[in-house]
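1. what's the 3D shape of this:
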Amino acid sequence: RIYQSIGEDYPTFSFLAKRAGGSGPFWAICLQAIIAVLMLLTTKFDALIAYMGFTLSLNAALTVAGVFVQRKRFPNAKRPYRCWGYPITPILFILLSLWMVVFTIAETPMVAVSGSLTILSGLGLYAIVARTKKTAKTELTMDDDTTSDTENNDNAENIDNTDTSTLTSDTGYMSTDNER
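-> Residues are numbered from 1 along each chain as shown. Alright, predicted model coming up:
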């Protein structure tokens, strides 16, 4: 379902979000199956487990570190879920995850290199696709500039009546009227 979400968020990969009838996202499932089979056919199982552990530990540590970033950037944001033991528990989680990363680097450096290359290639692909998405937004905005003043006033009235509690920005941060 992650590939499906990527297809929904980025027009370049919109084919990943397509569903056939009431079924799941066919092309997203096919892509995942192809990647899984290629990984199984091209490496030993223990190396694959170490690779997955490395990449998942690194990504998990970065995700939990995002809690600190969000709290710093948006100190007054509504927090529907509280982290028990904050800040101790996320710090412990990050330290244990980083220990697994360091252990993998020390014990199986080639696994760590391949995991790092995978993550870096994903970041590179994201940078390219995100730039394409911004270009598409700019073009849409430029097309919207040709609307008449009457249409702009009508749009402004509609925006005022919009329930802003469900709107999100490009950062993924959800804001509500109470938080502004």
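
2. Phi first, then psi, for residue 79.
-> phi -120, psi 90 (degrees, to the nearest 10).

3. Then the one 3 residues further on?
-> When quoted as degrees, to the nearest 10, the phi and psi of residue 82 stand at phi -100, psi 140.

4. Where does the prediction get shaky in this structure?
-> Low-confidence segments of the chain, defined by pLDDT under 70: 134-180.

5. That one: helices as residue ranges?
-> Listed from the start of the chain, the chain has helices (DSSP state H) covering 2-9, 26-42, 45-73, 88-107, 109-144, 149-160.

6. These: which one's closest to residue 19?
-> Distance to residue 19, taken as Cβ to Cβ, is lowest for helix 26-42 among the helices of the chain, at 7.0 Å. Yep, even glycine has a C-beta here, placed from its N, CA and C like the rest.

7. rewinding a little: and residue 20, which of the helices of the chain is closest to it?
-> helix 26-42 (5.3 Å).

8. what helices or strands is that closest one leaning on?
-> Contacting helix 26-42 under the criterion 3 or more Cβ pairs under 8 Å, 6 or more residues apart in numbering; DSSP states H and E are the following elements: helix 2-9, helix 45-73.

9. Surely residue 8 is in contact with residue 17?
-> Yes - judged on Cβ atoms under 8 Å, residue 8 makes contact with residue 17 at a distance of 4.6 Å.

10. Which one's more surrounded, these two?
-> Remark: of residue 8 and residue 17, residue 17 carries more neighbours, 18 against 13, as counted by other Cβ atoms under 10 Å.

11. Just list the residues touching that one, thanks.
-> Each residue near residue 17 by Cβ atoms under 8 Å, 6 or more residues apart in numbering is listed here: 4, 5, 6, 7, 8, 25, 28.

12. give the contact list for the closest residue to residue 133 other than its chain neighbours.
-> The shortest distance from residue 133 to any non-neighbouring residue, by Cβ to Cβ, 6 or more residues apart in numbering, is to residue 10 (5.7 Å). Counting by Cβ under 8 Å, 6+ apart, residue 10 touches 129, 130, 132, 133.

13. which one among those gets closest to residue 89?
-> Using Cβ to Cβ, these come closest to residue 89 at residue 130, 31.5 Å.
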